[in-house]
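Asks: what's the 3D shape of this:
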Amino acid sequence: MAGFQKTACFGKCPVYQVKFFSDGKVTWYGQLNVERKGWYEARVDEKTLKGIRDKSHELKYWDLASKYPTEMRVADLPSTVTFVRAGDMEKTVVDTYQGPAELKQFEDYLADIIDRLQWQPSTSK
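Replies: Reported below is the predicted structural model:
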(Lines give C-alpha, C1' and ligand atoms only; values in the text may rest on other atoms or scores of the structure.)
Protein backbone atom coordinates (compact mmCIF):
# COMPACT_ATOMS: atom_id res chain seq x y z
CA MET A 1 0.00 0.00 0.00
CA ALA A 2 2.88 2.41 0.79
CA GLY A 3 6.62 2.42 1.28
CA PHE A 4 9.44 4.67 2.46
CA GLN A 5 13.15 4.10 1.98
CA LYS A 6 16.39 5.94 2.69
CA THR A 7 19.36 5.00 0.48
CA ALA A 8 23.09 4.99 1.11
CA CYS A 9 25.69 7.68 0.51
CA PHE A 10 29.48 7.66 0.86
CA GLY A 11 29.11 8.97 4.42
CA LYS A 12 27.04 7.91 7.43
CA CYS A 13 23.55 8.24 5.97
CA PRO A 14 20.83 6.06 7.51
CA VAL A 15 19.85 3.18 5.23
CA TYR A 16 16.48 1.51 5.84
CA GLN A 17 13.16 0.70 4.28
CA VAL A 18 9.63 0.62 5.63
CA LYS A 19 6.57 -0.98 4.06
CA PHE A 20 2.95 -0.34 5.02
CA PHE A 21 0.55 -3.18 4.16
CA SER A 22 -3.21 -2.90 3.66
CA ASP A 23 -3.88 -5.16 6.68
CA GLY A 24 -2.14 -2.68 9.00
CA LYS A 25 1.18 -4.51 9.24
CA VAL A 26 4.29 -2.34 8.89
CA THR A 27 7.79 -3.73 8.37
CA TRP A 28 11.14 -2.05 8.93
CA TYR A 29 14.43 -3.32 7.56
CA GLY A 30 17.39 -1.35 8.89
CA GLN A 31 20.77 -1.79 7.23
CA LEU A 32 23.29 0.95 8.10
CA ASN A 33 23.63 3.88 10.48
CA VAL A 34 20.29 3.23 12.20
CA GLU A 35 19.35 2.26 15.74
CA ARG A 36 17.20 -0.68 14.58
CA LYS A 37 19.19 -3.03 12.34
CA GLY A 38 17.45 -5.98 10.78
CA TRP A 39 13.73 -6.73 10.63
CA TYR A 40 11.12 -5.10 12.87
CA GLU A 41 7.33 -4.98 12.79
CA ALA A 42 4.64 -2.61 13.95
CA ARG A 43 0.94 -2.10 13.28
CA VAL A 44 -1.18 0.84 12.21
CA ASP A 45 -4.93 1.20 12.26
CA GLU A 46 -7.25 1.77 9.30
CA LYS A 47 -7.40 5.49 10.13
CA THR A 48 -3.63 5.77 9.59
CA LEU A 49 -3.80 3.84 6.31
CA LYS A 50 -6.65 6.07 5.14
CA GLY A 51 -4.60 9.09 6.16
CA ILE A 52 -1.70 7.94 3.95
CA ARG A 53 -4.07 7.42 1.00
CA ASP A 54 -5.76 10.78 1.57
CA LYS A 55 -2.45 12.63 1.94
CA SER A 56 -1.11 11.14 -1.30
CA HIS A 57 -4.19 12.41 -3.15
CA GLU A 58 -4.22 15.78 -1.36
CA LEU A 59 -0.60 16.45 -2.31
CA LYS A 60 -1.11 15.14 -5.87
CA TYR A 61 1.49 12.39 -5.46
CA TRP A 62 0.24 10.79 -8.67
CA ASP A 63 1.20 13.89 -10.68
CA LEU A 64 4.83 13.96 -9.49
CA ALA A 65 7.78 12.94 -11.67
CA SER A 66 9.27 9.53 -10.92
CA LYS A 67 12.63 11.04 -9.88
CA TYR A 68 14.14 14.31 -8.68
CA PRO A 69 16.13 15.91 -10.04
CA THR A 70 14.54 15.02 -13.33
CA GLU A 71 17.63 15.77 -15.45
CA MET A 72 20.73 14.39 -13.75
CA ARG A 73 21.91 12.14 -10.94
CA VAL A 74 24.54 12.75 -8.26
CA ALA A 75 26.13 9.53 -6.97
CA ASP A 76 27.08 10.58 -3.43
CA LEU A 77 23.72 11.92 -2.30
CA PRO A 78 21.25 9.74 -0.44
CA SER A 79 17.74 9.44 -1.81
CA THR A 80 14.34 9.16 -0.20
CA VAL A 81 12.15 6.72 -2.08
CA THR A 82 8.38 6.69 -1.57
CA PHE A 83 5.86 4.27 -3.00
CA VAL A 84 2.06 4.25 -3.03
CA ARG A 85 -0.40 1.68 -4.33
CA ALA A 86 -4.10 2.54 -4.49
CA GLY A 87 -6.28 0.05 -6.32
CA ASP A 88 -4.73 -0.54 -9.73
CA MET A 89 -2.45 2.50 -9.50
CA GLU A 90 1.16 2.29 -8.32
CA LYS A 91 3.78 5.00 -8.19
CA THR A 92 7.36 5.23 -6.95
CA VAL A 93 9.19 8.53 -6.58
CA VAL A 94 12.95 8.79 -5.98
CA ASP A 95 13.89 12.11 -4.38
CA THR A 96 17.63 12.74 -4.34
CA TYR A 97 17.29 16.53 -4.16
CA GLN A 98 15.21 19.37 -5.60
CA GLY A 99 11.95 17.51 -5.03
CA PRO A 100 8.87 19.75 -4.92
CA ALA A 101 7.33 20.93 -1.66
CA GLU A 102 4.39 18.50 -2.02
CA LEU A 103 6.78 15.56 -2.13
CA LYS A 104 8.70 16.81 0.91
CA GLN A 105 5.40 17.12 2.80
CA PHE A 106 4.49 13.53 1.93
CA GLU A 107 7.95 12.27 2.95
CA ASP A 108 7.69 14.15 6.26
CA TYR A 109 4.17 12.79 6.81
CA LEU A 110 5.35 9.18 6.38
CA ALA A 111 8.52 9.75 8.44
CA ASP A 112 6.42 11.12 11.30
CA ILE A 113 4.20 8.03 11.29
CA ILE A 114 7.26 5.76 11.18
CA ASP A 115 8.91 7.58 14.10
CA ARG A 116 5.83 7.16 16.30
CA LEU A 117 5.36 3.41 15.80
CA GLN A 118 6.08 0.83 18.49
CA TRP A 119 8.62 -1.38 16.70
CA GLN A 120 9.16 -4.97 17.78
CA PRO A 121 11.94 -7.30 16.51
CA SER A 122 10.69 -9.69 13.84
CA THR A 123 11.94 -12.85 12.20
CA SER A 124 9.64 -12.54 9.19
CA LYS A 125 10.53 -10.63 6.05
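Asks: what's the distance between Arg116 and Phe4?
Replies: Note on Arg116: its distance to Phe4, by Cβ to Cβ, to the nearest Å, is 13 Å. Every residue, glycine included, has its C-beta placed from N, CA and C.
Asks: the more surrounded of those two?
Replies: The neighbour comparison of Arg116 against Phe4 (other Cβ atoms under 10 Å) goes to Phe4, with 23 against 10.
Asks: Name the strands paired with the strand or helix carrying the more buried one and say parallel or antiparallel.
Replies: Under the criterion of DSSP states H and E, Phe4 resides in strand 2-6. If you go by DSSP bridges, strand 2-6 pairs up with strand 15-20 (antiparallel), strand 80-86 (antiparallel).
Asks: Let's test this: mean pLDDT of the longest one, rounded?
Replies: Within the predicted structure, the mean pLDDT of strand 80-86 is 96.
Asks: And for stretch 34-50?
Replies: pLDDT averaged over stretch 34-50 gives 97.
Asks: what's in contact with that stretch?
Replies: Contact with stretch 34-50 is made by 1, 14-16, 20, 22, 24-31, 113, 117-125, as judged by Cβ atoms under 8 Å, 6 or more residues apart in numbering.
Asks: Repeat the analysis, applying 7 Å as the threshold.
Replies: Contact with stretch 34-50 is made by 1, 14, 16, 20, 22, 24-31, 113, 117-125, as judged by Cβ atoms under 7 Å, 6 or more residues apart in numbering.
Asks: Going by neighbour count, which residues of that stretch are buried?
Replies: Within stretch 34-50, the residues scored as buried using 16 or more other Cβ atoms under 10 Å are Tyr40, Glu41, Ala42, Val44, Thr48, Leu49.
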